[in-house]
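>>> sharing a sequence plus its predicted fold:
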Amino acid sequence: MEKTYIKWDEFSKHCDIIACQVSAVYNRVDIIIALARGGVVPARLMAETIDTKYTPGFYTMGLSLYDGCERKEEISIYQDLPECNRTDIENILIIDDISDGGTTLEFACEQLSGRFPNSNLITATPYIKKSTQFVPDFYVKEFPDDEWIVFPFEKD
């Protein structure tokens, strides 16, 4: 499989673009949820741009579908969100690094829609693969399915 290496400046720029798009559409984001591990860095970068004066929470939800470059059969939750009984949460932004097939984002949305049935779930990834089954609400660039994306925060 061919590898594509993303440079820091390009990655940061793409995260800024998405954050500006989210901010233009939604006047407030109540919670940002980074899907760990890959979504933590883009979520942190996007949180710098998104107006967070109303954002009470930045959380990580640890989901695992890959073991290195190998895809596993099932998603495992290794870090769940804390309990939240608030009913005033309107917009939840879910961020990952890429939507390869969309399985992880779809799983996260299913989990969160059950916990926050009255909230709007917004999804964002800097990148998607061409045949992803889950296209996030916001993304910047599409890659062919046969490319392995190496992020600047990963070891090759």
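Perfect, thanks for sending it.
>>> from now on I want contacts and neighbour counts done on CA atoms only, so please keep to that.
Noted.
>>> list the buried ones in the helix or strand containing G62?
If you go by DSSP states H and E, G62 is part of strand 57-67. The neighbour-count check on strand 57-67 (16 or more other Cα atoms under 10 Å) flags F58, Y59, T60, M61, G62, L63, S64 as buried.
>>> list the residues that contact the second one.
Looking back up the chat, that one is Y59. I31, I32, I33, A34, L81 (Cα atoms under 8 Å, 6 or more residues apart in numbering).
>>> swap in 7 Å and give it another go.
By Cα atoms under 7 Å, 6 or more residues apart in numbering, Y59 lies in contact with I32, I33, A34.
>>> and C15, its phi and psi?
Dihedral pair for C15: phi -70, psi -40, per degrees, to the nearest 10.
>>> those helices in the protein, which residues are they?
Taking DSSP state H to define them, one finds helices in the chain at 8-25, 40-49, 103-115.
>>> and among the ones you listed, the most buried is which?
The highest mean neighbour count among those, using mean count of other Cα atoms under 10 Å, belongs to helix 40-49: a mean of 20.
>>> format the CA atom coordinates belonging to that one as CSV.
What follows is helix 40-49, C-alpha atoms only, in CSV (Å, rounded to 0.1, in the frame of the first residue of the first chain):
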residue,chain,number,x,y,z
VAL,A,40,-6.8,14.0,19.7
VAL,A,41,-4.4,16.2,17.9
PRO,A,42,-6.8,17.6,15.2
ALA,A,43,-9.4,18.2,18.0
ARG,A,44,-6.9,20.2,20.0
LEU,A,45,-5.9,22.2,17.0
MET,A,46,-9.6,22.9,16.1
ALA,A,47,-10.4,23.9,19.6
GLU,A,48,-8.0,26.8,19.3
THR,A,49,-10.2,28.3,16.5
